[in-house]
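Turn this into a model:
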Amino acid sequence: MHLLETIGNTPLIELRNTTASTEGRLLFKYERGNPGGSIKDRPALFIVTEAEKRGLLKPGGTIIESSSGNFGISLAMIGAAKGYRVIILVDPKTTATNLALLKCFGAEVVVVTEQDDSGSYHKTRISLANKLADEIPDAFRPDQCFNLLNSTAHYQGTAREIFADCPDNIAAIVAAVSTGGQLGGISRYTKTYRPEVKVIGVDAVGSSIFGGESHSYLIPGIGLAWTPCNVAVENIDSVYKVTDEAAFVAARCFTRNEGILMGPSSGACALVALTIAKQLSPLDCVVCIISDGGERYIQTLFNDTWMQTNHFSTETGLGKLLELTKEVVPWSVHPAQNTNYKPELVSKLCVPTTTQSINETIDKTSVSPSRISFID
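Residues are numbered from 1 along each chain as shown. Prediction:
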């Protein structure tokens, strides 16, 4: 078996210690099991494979991407396995461990320190990545923020796995949103085949994907200053925004009380999922996407000094976790009324014509997976 054939078919883990027997069951779709250590292996391989089929990425070519960490690491791993040069643009929120992993796989790393108009780094990273892709011969931009294949990868893979592996009594699926891939693909599949299942999006306080004020935040791998094109908001039933402290503390609590390592964005999702499960009966279950493990955050999330420096609690007891659930309330139960789509960014950020061409093909086929050449 080739390394890249091990991507997907990740386990579902049922929690035992943080839910009561009178509450809903809570299942974690644990994406740490992918060879690159995160859920981003799925769209990274999917997009690269499609680019090869279309002749957009040729042997000896260069992959250039904007990533806060996990997607870049996945591309770096794939580049090492397939023999591509890989350039990843990161920002100051990227952990030292993630930087080290990128370099271990041979990726060239560019740290973008200029903030954009929202106080984040997404737009400046994307703009520079597009500029480099235009200047470097035989370059390909996977373009996770604007490439609709990002969500199609999860429609084809992640969502199907969930419903194949889960019992019929799924009440809700909880997933984070940043570039929109996992939430977009999973929600589209769910509303197509199991419309009664609630789809819950989790965002960061400070992100304006579903409206609200934009400002900087510390949770990596979550949030944007606009609604990503990979998400059809009408497929989302409700959205929760989680604070930095709640996300970091929750991740630590789940690790301590369930033995399941996870990063801050997964901590935010797990906290929301636990809150929802507590409102349900034992006949119902909630599936939560845990996007990666916690090893990449040892110097931040699991470092007491770092937590205290940021004025975050270091309590990890079950009581602290249950206390946090009492503060979790929906940001919106009508997300379609809180959209923040910005189609003008396609031209402002110089989104590659290759991405636009791929998206046009998907649009013309009504995003039907049977009408596009996908990996098996």
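
element containing residue 356?
For residue 356, the element it lies in under DSSP states H and E is helix 353-364.

which other helices and strands contact that helix?
Judged by 3 or more CB pairs under 8 Å, 6 or more residues apart in numbering; DSSP states H and E, helix 353-364 is in contact with helix 41-54, helix 149-156. (Glycine included, C-beta is placed from N, CA and C.)

Swap in 6 Å and give it another go.
Under the contact definition 3 or more CB pairs under 6 Å, 6 or more residues apart in numbering; DSSP states H and E, helix 353-364 sits against no other helix or strand.

how about the helices in the protein?
Using DSSP state H, the helices found in the chain span residues 41-54, 70-82, 96-104, 122-135, 149-156, 158-165, 181-193, 244-258, 264-277, 304-309, 318-325, 345-348, 353-364.

Can you name the residues that contact residue 234?
Contact partners of residue 234, counting by CB atoms under 6 Å, 6 or more residues apart in numbering, are residue 336.

Look up the pLDDT of it for me, please.
Residue 234 is assigned 95 on the pLDDT scale.

Okay, it and residue 98: tell me how far apart.
Note on residue 234: its distance to residue 98, by CB to CB, to the nearest Å, is 34 Å.

And for residue 258?
24 Å.

same deal with residue 330?
31 Å.

out of the two, which sits in the more crowded spot?
residue 98 (25 against 16; other CB atoms under 10 Å).

which one is residue 123 nearest to, not counting chain neighbours?
residue 116 (3.7 Å; CB to CB, 6 or more residues apart in numbering).

List of residues touching stretch 11-22?
The contact list for stretch 11-22 (CB under 6 Å, 6+ apart) reads 26, 27, 28, 29, 30, 165, 257, 258, 277.

do that again at 8 Å, thanks
Outside stretch 11-22, the residues that touch it by CB atoms under 8 Å, 6 or more residues apart in numbering are 25-30, 33, 162, 165-166, 254, 257-258, 260, 274, 277-278, 281-282, 287, 318, 321.

nearest residue to residue 280 other than its sequence neighbours?
residue 24 (3.0 Å).

Would you mind listing where the chain has pLDDT under the threshold?
Confidence mapping of the chain against pLDDT under 70 gives the ranges 363-376.

check contacts around the residue nearest to residue 91 when sequence neighbours are not counted.
Of all residues not flanking residue 91 in the chain, residue 121 sits nearest, at 3.7 Å (CB to CB, 6+ apart). Residues near residue 121 by CB under 8 Å, 6+ apart: 91, 92, 93, 112, 113, 114, 115.

The same query, at a cut-off of 6 Å, please.
Taking CB under 6 Å, 6+ apart, we find residue 121 in contact with 91, 112, 115.

can you check residue 107 too?
Counting by CB under 6 Å, 6+ apart, residue 107 touches 76, 86, 88.

State the distance from the last one to residue 73.
Applying CB to CB, one obtains 8 Å for the distance of residue 88 from residue 73.

Quick check: neighbours shared by these two?
residue 102.

how far away is residue 318 from residue 20?
Distance from residue 318 to residue 20, by CB to CB: 11 Å.

Neighbour count: these two, which is higher?
It is residue 318, of residue 318 and residue 20, that has more neighbours when counted by other CB under 10 Å, with 13 against 10.

pretty sure that one contacts residue 254?
No - here residue 318 does not reach residue 254: they are 10.0 Å apart, not a contact under CB atoms under 6 Å.

where do the contact lists of the two overlap?
Shared contacts of residue 318 and residue 254 (CB under 6 Å, 6+ apart): none.

Does the residue nearest to residue 123 touch residue 125 like I think?
No - Residue 116 lies out of contact with residue 125 (CB under 6 Å); the separation is 8.5 Å.

quick one: which of those two has more around it?
residue 125 (25 against 17).

mind listing what the more buried one touches?
Per CB under 6 Å, 6+ apart, neighbours of residue 125: 66, 89, 112.

separation between the residue lying closest to it once chain neighbours are set aside and residue 127?
Closest residue to residue 125 apart from its sequence neighbours, by CB to CB, 6+ apart: residue 66 at 3.9 Å. Distance of residue 66 to residue 127, computed by CB to CB: 9 Å.

between those two, which one's more packed in?
Set side by side, residue 66 and residue 127 show more neighbours around residue 66, with 30 against 20, by other CB under 10 Å.

Can you give me the distance of the more buried one to residue 360?
Counting by CB to CB - residue 66 and residue 360 are separated by 22 Å.

What of residue 70?
Residue 70 is 28 Å from residue 360, by CB to CB.

And for residue 76?
Residue 76 is 29 Å from residue 360, by CB to CB.

hang on, isn't residue 130 packed against residue 348?
No - Residue 130 is beyond contact range of residue 348, at 10.4 Å (criterion: CB under 6 Å).

Of the two, which one has the most company?
Comparing residue 130 with residue 348 by other CB under 10 Å, the one with more neighbours is residue 130, at 21 against 12.

Excluding chain neighbours, what is closest to that one?
Residue 130 sits nearest to residue 350 (CB to CB, 6+ apart), 4.5 Å away.
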